[in-house]
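# Predicted coordinates and the sequence they were generated for:
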Amino acid sequence: MIGGTWHGKANWLSREHGVHWQIIEEVAAASWKDTTEPHSVLRPRLSTSDVSRMTNDAGPSAGQIIRQRRSAVAFDGRTSITAAMFFQMLQKVMPCAERGQLNRPMPWDVWPYDPAVHLMLFVHRVDGLTPGLYFLVRDRRKLPSIQQSMNPEINWVPAPSCPHDLPLWWLLEGDARQLAVQVSCRQDIAGDSAFSFGMLAEFEGGLRERGAWWYPRLFWESGLLGQVLYLEAEAAGVRATGIGCFFDDPVHEIVAVKGMAFQSLYHFTIGGPVEDRRVQTLPAYGHVKPAPPA
Ligand SMILES: Cc1cc2nc3c(=O)[nH]c(=O)nc-3n(C[C@H](O)[C@H](O)[C@H](O)COP(=O)(O)O)c2cc1C
């Protein structure tokens, strides 16, 4: 606060964390990767022609979007987005898994595995789409196994007006706001947005096949998804918030996931933000002096 008056007396931050989660260290040690896979990891090499894949003349620059990105602390419960905006955001998390790694769209060309994380979406305020539960299958080859792992009574209907290359399915119709809030540790941000979702990872099969080291990779993929959508939301004129607090078992029950075939690892919400006027926003890197001319 600039020019404000301090009240009260600040206390010292604790020297140590009050709570020690032994299991986190055990899981980190158990999932350490000490094997090498037969296939080599490909690293994209950028050439000048690749720059054309990154630039889009319309709208603000990537730099501006990256600098202005913040998490919404609350959503207004009113703002809706168009179906076109919604589909566009979802297109950006599609790695085009049928292509070779280096031919996948940025940033998925840096991810040396086929997608293993899919989105279960609670759609609240998307113009032209009926509110309800939707599912984005990020690798369409996995659709049969995903369907077999869930409640067989679910009717998988292609989402109306959805682009043909986007495997978005409409599972249930209805007001999902309260459900989304409940499974996201009762946080209103999951229901007051335009849509929120859980990231459901293909779980037991992948872990048995590859080993425990695969476990952190599923979080890395979820994190990458979140980073892409934080920026896409900002570029679309709305805002996002990652949700790390959620109840995983009730999430799985919504679609009756069988056993440990899928595991919810991260939640996310996107919509019209409410500005928190208690927080002062300064220009990003405003304190950094430009380097003197060489
Ligand atoms: C993995 C992750 C989990 C998060 N979980 C929550 C959450 O459960 N509830 C919430 O209100 N914000 C959540 N956030 C948002 C953070 O509070 C926010 O990112 C942090 O305060 C930094 O602010 P910034 O994103 O504007 O830089 C989460 C963010 C991340 C990246």
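Alright, I've got the coordinates. Residues are numbered from 1 along each chain as shown.

# C-alpha from now on. contacts and neighbour counts both.
OK.

# What segments of this protein are helices?
22-30, 51-54, 62-68, 83-91, 143-148, 177-183, 204-210, 214-235, 248-254 (DSSP state H).

# mean pLDDT lowest for which of those?
Among those, helix 51-54 carries the lowest mean pLDDT, a mean of 52.

# Tell me the residues on the stretch 151-294 of the chain that lie near the ligand, please.
241-245 (Cα under 6 Å from any ligand atom).

# Just the buried ones from those, in ChimeraX syntax?
Typed into ChimeraX, the line below selects the buried ones among these, using 16 or more other Cα atoms under 10 Å:
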select :241,242,243
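
# Could I get the residues of the stretch 151-294 of the chain next to the ligand in TSV, plus columns for pLDDT?
Listed next are these as TSV, based on pLDDT from 0 to 100:
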residue	pLDDT
241	98
242	98
243	98
244	98
245	97
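
# okay, the helices of the chain in CSV with mean neighbour count next?
Below are the helices of the chain laid out as CSV (neighbours: other Cα atoms under 10 Å):
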stretch, mean neighbour count
helix 22-30, 11
helix 51-54, 10
helix 62-68, 13
helix 83-91, 17
helix 143-148, 13
helix 177-183, 20
helix 204-210, 13
helix 214-235, 19
helix 248-254, 16
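
# In contact with the closest residue to residue 91 other than its chain neighbours, which residues are there?
Leaving aside its chain neighbours, residue 91 sits nearest to residue 166 (6.7 Å; criterion: Cα to Cα, 6 or more residues apart in numbering). Neighbour list for residue 166: 87, 90-91, 94, 136 [criterion: Cα atoms under 8 Å, 6 or more residues apart in numbering].

# again, but for residue 113
residue 101.

# Quick check: nearest residue in space to residue 31, chain neighbours excluded?
Once flanking residues are discounted, residue 31 sits nearest to residue 213: 4.3 Å by Cα to Cα, 6+ apart.

# if we can go back for a sec, residue 261 is nearest to which of the helices of the chain?
helix 204-210 (5.3 Å; Cα to Cα).

# Return that closest one as CSV; C-alpha atoms alone will do.
Provided in CSV are the C-alpha atoms of helix 204-210 (Å, rounded to 0.1, in the frame of the first residue of the first chain):
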residue,chain,number,x,y,z
GLU,A,204,-3.6,-47.3,-13.1
GLY,A,205,-3.0,-48.6,-16.6
GLY,A,206,-0.2,-46.1,-17.4
LEU,A,207,1.4,-46.6,-14.0
ARG,A,208,1.5,-50.4,-14.2
GLU,A,209,2.8,-50.2,-17.7
ARG,A,210,5.6,-47.7,-17.2
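
# Give me the helices and strands touching it, please.
helix 214-235 (3 or more Cα pairs under 8 Å, 6 or more residues apart in numbering; DSSP states H and E).

# Give me the contact list for the helix it packs on.
Helix 214-235 is contacted by residues 31, 59-60, 65-66, 68-69, 71, 89, 92-93, 111, 115-117, 199, 201, 206-207, 239-242, 265-266, 268, 270-271 when judged by Cα under 8 Å, 6+ apart.

# Can you tell me how far the residue nearest to residue 31 is from residue 203?
12 Å (Cα to Cα, to the nearest Å).
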